[in-house]
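Trainee: Using only what follows, build the 3D model:
(chains A, B, C and D)
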Number of protein chains: 2
Amino acid sequence: MVRSEGETPTLDQVARLAGVSKATASRAVNGGARVSPQAQAAVDDAVRRLGFIPNAAARSLATRRTGSIGLIVPESDERIFADPFFARMLHVVTRSVKAHDLQLVLLLTQPGKEEQRLMRYLRGRFVDGVVVASHHRGDRLAKSLADLGLPTVFIGSPWTSTDRVSIVESDGVGAGRQAARLLIDRGCRAIGTIAGPADMHAGHDRLEGWRQELSEAGLGVDAVVHGDFTEVGGARACGVLLDEFPGLDGIFAASDLMAAGAIRELAARGRRVPEDVALVGYDDLGTAERTDPPLTTFRNPIGAMATEAIRLLAQWIDEGPGEPPRRIVFAPELVRRASA
Amino acid sequence: MVRSEGETPTLDQVARLAGVSKATASRAVNGGARVSPQAQAAVDDAVRRLGFIPNAAARSLATRRTGSIGLIVPESDERIFADPFFARMLHVVTRSVKAHDLQLVLLLTQPGKEEQRLMRYLRGRFVDGVVVASHHRGDRLAKSLADLGLPTVFIGSPWTSTDRVSIVESDGVGAGRQAARLLIDRGCRAIGTIAGPADMHAGHDRLEGWRQELSEAGLGVDAVVHGDFTEVGGARACGVLLDEFPGLDGIFAASDLMAAGAIRELAARGRRVPEDVALVGYDDLGTAERTDPPLTTFRNPIGAMATEAIRLLAQWIDEGPGEPPRRIVFAPELVRRASA
DNA sequence: GTGATGCGTGGAACCGGTTCCACGCATCGA
DNA sequence: TCGATGCGTGGAACCGGTTCCACGCATCAC
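Mentor: Okay, here's the model as predicted:
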């Protein structure tokens, strides 16, 4: 390289070395529409010789684009790391973001807390848009983001419904119904559920579907305990459930991690799965195959949701929201194993 | 707010509304050195009324600062999520970065792969500096970053040693020595080790210390198997070790996760811990307390290292590297529990 | 009363790109 | 031969801030 140490070459230098104007150099660097082959070659050569990389800030300032998007996860980091849901999510998002040639900025925030700080960051236009995963009831995030006019896609429906953000979600109600139906069909008559946190849609919807199906079948819907999507919480919830409803013969847990906890608790109390109590989980992210017995569960379409979310966001950034913002629903797929 | 929807107010508008020049408005917005109380008040008021937030790109362009730093983790995402090391690291880094009023950009890359893409990003000056955690032998990262002139702090020593990056590390050799000494002192005479990956300093150093201490004590140093820092890998390594050296009465595992695997394998073979085989781990990030028996281990000073790394980096960004870049070593602390 | 000092201020240059627009030139159909 | 067309090009404005510097004015010591 020609340039001296430490100095970052500018487009001006490239242009001069290539013997063209800054304008032409800029065009050549960006794909080269309306640039003659000779000019293109000269610029390419100069870029190589100088080791030129466009300055991000300057480019952002002119184009009003940063080329990066934020992933907001309003969740404590303990949960983020404990729950395979997020690992899987991050994995897919990372890959998908690369495919669109974007940079991912991970924005971890405690739910509800530090919203000021986050919004200040977003107002500074550090990112072109955001994906929000794991929304909680109290959060005013959806409205704040919409007010900001920032392209936004939620994975999982936000509580404060607004028609100014796009949403990608899975059919939790349908899964809840299917789970209940499956337990009913195998002969269970006293069916309980370990629901997710009441302040999250994922918890709410699966519970709602379970309720609907049982009600229509004329069965009781009182055996409900809310867990926190962790294994320990699942075990505890299962204990509470069994104390109150000793005759339970079927349980739907809103996540595999909680189901795994339930299995432990059931084993500790000498109840066999599925002979004494049939168990259905939700997620199918590895955990379900490793429990004993392996869990009958629903495959959470995280991959599809995350991919679609990034696609929608990229499209929105490029072409506008496409009136009105979209809402896309994926159906979780039942995976039968031994637990029910 | 006065402004119309969707339009972002600029400093120019603030200045006009406050009846001062752009220059004065800028000074007032940034802490207000050399600004009269009246001007300050007028600007503050205008900022509030317009809802002004400085445009990040423009500010970056002028100041040559972005206010964000990158955390590079050259590791597959499975490991990142499986190993509590990273969870803890990310937790501390996040908090520490906030304290310095910086924004964290998480840069996950496969070790060795995609270096082109990463370096292109970094050359674009999206971040003011980087912290690198978990460096592998093959990576040319240290040299590339140094060549770039980007403020860089490694957590854990890089292989390609260069004096142009700062390093924060823990004393792995010392820990290895202490572990060996402890096993010798409790009477072990056939001591093996499940080392970390040979391509990582964390693996190499702890092994080296173990070797030194045993050699000086006149004991054999042949019982070495390399694991991959995972639980499954630890169990497998332990199996190999026991097959080759059935008389083993002490093992030093370079991570608690691998030690946990070793406990499982030992149990499966009917060997009691610590009666038949004494076991020392490394990390003490929760895993060690939950094994049966609880592990004697070393507290990996991740919190201290991460905090110090961010502090060094922030200082470097503000005041230059402070000839020459620093190297800081923390001593892991022995935590005695039941396994040895 | 005078010159030195210092503070608050605004004009203007600057950071490093992108893009509008006008212009010159070659090509083409009539 | 002439005017219309279109392509490649460069000058210059622009994105939205920060900061250098010169200037006016009040204060102060002598």
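
Trainee: Quick check: residue A:125 touching residue B:55?
Mentor: Yes - assessed by CB atoms under 8 Å, residue A:125 is found in contact with residue B:55 at 6.1 Å. Using the backbone N, CA and C atoms, a C-beta is placed for each residue, glycine as well.

Trainee: which residues are common contacts for the two?
Mentor: Taking CB atoms under 8 Å, 6 or more residues apart in numbering or on different chains as the contact rule, the neighbours common to residue A:125 and residue B:55 are residue B:8.

Trainee: Do the lowest-mean-pLDDT helix or strand in chain A and chain B come into contact?
Mentor: Here the helix or strand of chain A ranked lowest by mean pLDDT, DSSP states H and E is helix A:77-82, holding a mean of 78. Yes - counting by CB under 8 Å from any CB of the partner chain, contacts between helix A:77-82 and chain B involve A:77, A:78, A:80, A:81.

Trainee: Return a PyMOL selection command for the buried portion of those residues.
Mentor: The buried residues among the residues of helix A:77-82 next to chain B can be selected in PyMOL (16 or more other CB atoms under 10 Å in any protein chain shown) with this line:
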select buried, chain A and resi 77+80+81
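
Trainee: Reformat the residues of helix A:77-82 next to chain B as TSV; add distance to residue A:313.
Mentor: Compiled in TSV, the residues of helix A:77-82 next to chain B are given as follows (distance: CB to CB, whole Å):
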residue	distance to residue A:313
A:77	24
A:78	27
A:80	21
A:81	25
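
Trainee: and DNA strand C, which of the residues of helix A:77-82 next to chain B contact it?
Mentor: Contacts with DNA strand C are made by none of those, judged by CB under 7 Å from any atom of the strand.

Trainee: And the helix or strand where residue A:181 lies, what does it pack against?
Mentor: Here residue A:181 sits within helix A:172-185, counting by DSSP states H and E. Helix A:172-185 sits against strand A:191-195, helix A:201-216, strand A:250-253, strand A:278-280, strand A:297-299, with contacts defined as 3 or more CB pairs under 8 Å, 6 or more residues apart in numbering or on different chains; DSSP states H and E.

Trainee: Enumerate every residue touching the residue most central in space within chain A.
Mentor: The residue lying closest to the centre of chain A (CA atoms, centre = their mean) is residue A:133, at 4.1 Å. With contact set as CB under 8 Å, 6+ apart, residue A:133 has these partners: A:71, A:72, A:73, A:86, A:89, A:154, A:155, A:156.

Trainee: burial count for the fourth one?
Mentor: Pointing back at residue A:86 there. 21 (other CB atoms under 10 Å in any protein chain shown).

Trainee: Check residue A:318 too.
Mentor: Other residues near residue A:318 number 11, with proximity taken as other CB under 10 Å.

Trainee: can you tell me how far it sits from DNA strand C?
Mentor: Going from residue A:318 to DNA strand C by CB to the nearest atom of the strand, to the nearest Å gives 12 Å.

Trainee: Of the contacts of residue A:133, keep whichever come out buried.
Mentor: Buried members of those, scored by 16+ other CB under 10 Å, are A:71, A:72, A:73, A:86, A:89, A:154, A:155, A:156.

Trainee: in the stretch 201-340 of chain A, which spans are helices?
Mentor: A:201-216, A:231-244, A:256-268, A:287-290, A:302-319 (DSSP state H, counting those that start in this stretch).

Trainee: State the mean pLDDT of the third one.
Mentor: Across helix A:256-268, the average pLDDT comes to 94.

Trainee: which residues does the residue nearest to residue A:294 when sequence neighbours are not counted contact?
Mentor: The shortest distance from residue A:294 to any non-neighbouring residue, by CB to CB, 6 or more residues apart in numbering or on different chains, is to residue A:337 (4.0 Å). Each residue near residue A:337 by CB under 8 Å, 6+ apart is listed here: A:288, A:289, A:293, A:294, A:295, A:296, A:297.

Trainee: Kindly tell me how buried residue A:215 is, as a neighbour count.
Mentor: 12.

Trainee: now do residue A:186
Mentor: Quick note: residue A:186 (other CB under 10 Å) scores 14 neighbours.

Trainee: Tell me what the closest residue to it other than its chain neighbours is bridged to.
Mentor: Spatial nearest neighbour of residue A:186, chain neighbours left out: residue A:278 (5.9 Å); criterion: CB to CB, 6+ apart. Beta-bridge partners for residue A:278, by DSSP bridges, are residue A:250.

Trainee: residues contacting residue A:278?
Mentor: A:183, A:186, A:188, A:249, A:250, A:251, A:339, A:340.

Trainee: was I right about residue A:208 contacting residue A:173?
Mentor: Yes - counting by CB under 8 Å, residue A:173 is a contact partner of residue A:208 at 5.4 Å.

Trainee: Quick check: buried residues in the helix or strand containing residue A:12?
Mentor: Assigning secondary structure by DSSP H and E places residue A:12 in helix A:11-18. Going by neighbour count (16+ other CB under 10 Å), the buried part of helix A:11-18 is A:11, A:13, A:14, A:15, A:17, A:18.

Trainee: The residues you listed also near DNA strand C: which ones?
Mentor: When contact is defined as CB under 7 Å from any atom of the strand, the buried residues of helix A:11-18 meet DNA strand C at residue A:11.

Trainee: ok, residue A:97 - contacts?
Mentor: A:69, A:103, A:104, A:310.

Trainee: Distance check, it against DNA strand D.
Mentor: Separation of residue A:97 from DNA strand D (CB to the nearest atom of the strand): 26 Å.

Trainee: Please identify the buried residues of the helix or strand that contains that residue?
Mentor: For residue A:97, the enclosing helix or strand under DSSP H and E is helix A:84-99. Neighbour counts over helix A:84-99 (16+ other CB under 10 Å) mark A:84-94, A:96-97 as buried.

Trainee: quick revisit: looking at the helices of the stretch 201-340 of chain A, which is buried most?
Mentor: For these, the largest average neighbour count (mean count of other CB atoms under 10 Å in any protein chain shown) is found in helix A:256-268, namely a mean of 24.

Trainee: need the residues of chain A near DNA strand D, please.
Mentor: Residues of chain A lying near DNA strand D (CB under 7 Å from any atom of the strand): A:19-24, A:27, A:34-36, A:38-39, A:58, A:61-62, A:64.

Trainee: pLDDT check: weakest of those residues?
Mentor: In terms of pLDDT, the least confident member of the residues of chain A next to DNA strand D is residue A:34, at 85.

Trainee: where's that residue, which helix or strand?
Mentor: Short version, using DSSP H and E: residue A:34 is in no helix or strand.

Trainee: The residue lying closest to it once chain neighbours are set aside - how many residues pack around it?
Mentor: Nearest residue to residue A:34 in three dimensions, chain neighbours excluded: residue A:27, at 6.2 Å (CB to CB, 6+ apart). A count of neighbours around residue A:27, defined by other CB under 10 Å, yields 18.
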